[in-house]
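Colleague: the following block contains a protein sequence and its predicted model.
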Amino acid sequence: MKNIKTALLLGVFLALLFTGQQAWAASGTLWQIPGSLSLDEAGFRLEAPANISDRAVKVSVETLDSSKIPPTDDYFITRAVSIEMVNVDRVNLNWLSKPVRLVFSFDGIDHKRASQLNMGLSMGYFRIGYCAPGESNWVELPSQVFWNGIKGVVEAEARQGTGRYALLWSYQPGAQLSPIAKGIRLMVNNTVVQSEPPPYINGGRTMVPLRVVAENLGARVEWVAAENRIDLVRNVDKIQLWIGKQVALVNGKSLLLDVPPEIKGERTFVPLRFVAEALGAKVSWDEVTQTAGVIRY
């Protein structure tokens, strides 16, 4: 009897391992752009920057049952969604002015299933694919893989608009592996902001070059050398920071910083969250991708 139970449990595990993902009744609509839409049940997120079209756009996302998608000799389909992008004239968008970012999550079970238990294969065989409406062929999108040893995500930028998108595992032996990304990344309104020197962590806070955060949040920078003071001005808001001091003034109100501004390599660095929120923006942190995100509408 014990052997029978063991065999049944093993059979259930293998069935879950090698069949497609369960279908979730998950869907959502993004009305405000820039903005993001997450379907946590399906491990999917869409991030849209400003101006993806010259007209207002409604983005709708629905999860698909990957086990019901016709199989392919080239890929294992791990997760899949259907995305519809419609402008105010109710016209489907098949090409975008600026790309949206697609994010699929995965874990060790997904890796086992996709690789058919060949755990020696790199996570880099994951990538995101696109299938046009009415078509059956998947087109690989340039993808980036992030993995922290427990869970991971795959990202890709897409201009294609309406269609099906999936987290694919390539069966091709000579497939180009996606790079494993490293370092802290800064994104403002869902667009990557290049920073040199790059952001870093100090005391649990993300420090970014002053000019980078100021310019991308529409603030003017004034330097008062006699006091080692930085003034950030945007419309009626004024933030005053001092190099090496943990006290700041926001519109005349004294506030305490967890980490003070500092100078490194002839560049002034400031705590991103404090400055961004003082200028009316929202800040997020993604541990897997090591990404500091800032949204200001």
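Modeller: Arrived safely, thanks for sending. Numbers count the residues shown, from 1 in each chain.

Colleague: let me see the ranges of the helices in the stretch 51-200 of the chain.
Modeller: Remark: helices of the stretch 51-200 of the chain, listed N- to C-terminal, are 108-115; assignment by DSSP state H, counting those that start in this stretch.

Colleague: below-threshold pLDDT in it: ranges please.
Modeller: Regions of the stretch 51-200 of the chain meeting the criterion pLDDT under 70 cover residues 174-177, 179.

Colleague: where along it do the strands fall?
Modeller: With DSSP state E, counting those that start in this stretch applied, the stretch 51-200 of the chain shows strands at 57-64, 75-87, 100-107, 126-131, 139-141, 143-147, 151-158, 163-170, 185-188, 191-193, 200-202, listed in chain order.

Colleague: tell me how far the second one lies from the chain's centre.
Modeller: Think strand 75-87. 16 Å (CA atoms, centre = their mean, to the nearest Å).

Colleague: other SSEs contacting it?
Modeller: Contact here means 3 or more CB pairs under 8 Å, 6 or more residues apart in numbering; DSSP states H and E; on that basis strand 75-87 packs against strand 44-48, strand 57-64, strand 100-107, helix 108-115, strand 163-170. For the C-beta atoms, the positions are set from N, CA and C on the backbone; glycine is no exception.

Colleague: between the ones you listed, which gets nearest to residue 136?
Modeller: If you check each of the helices and strands packed on strand 75-87 against residue 136 by CB to CB, strand 163-170 wins as the nearest, at 9.9 Å.

Colleague: and the closest one with strand 100-107, angle?
Modeller: Calculated by axes from the mean of the first three to the mean of the last three CA atoms, to 10 degrees, strand 163-170 forms an angle of 40 degrees with strand 100-107.

Colleague: sorry, back to before: for the helices and strands packed on strand 75-87, which one sits closest to residue 93?
Modeller: Between residue 93 and the helices and strands packed on strand 75-87, the tightest spacing by CB to CB is seen for strand 57-64, at 6.7 Å.
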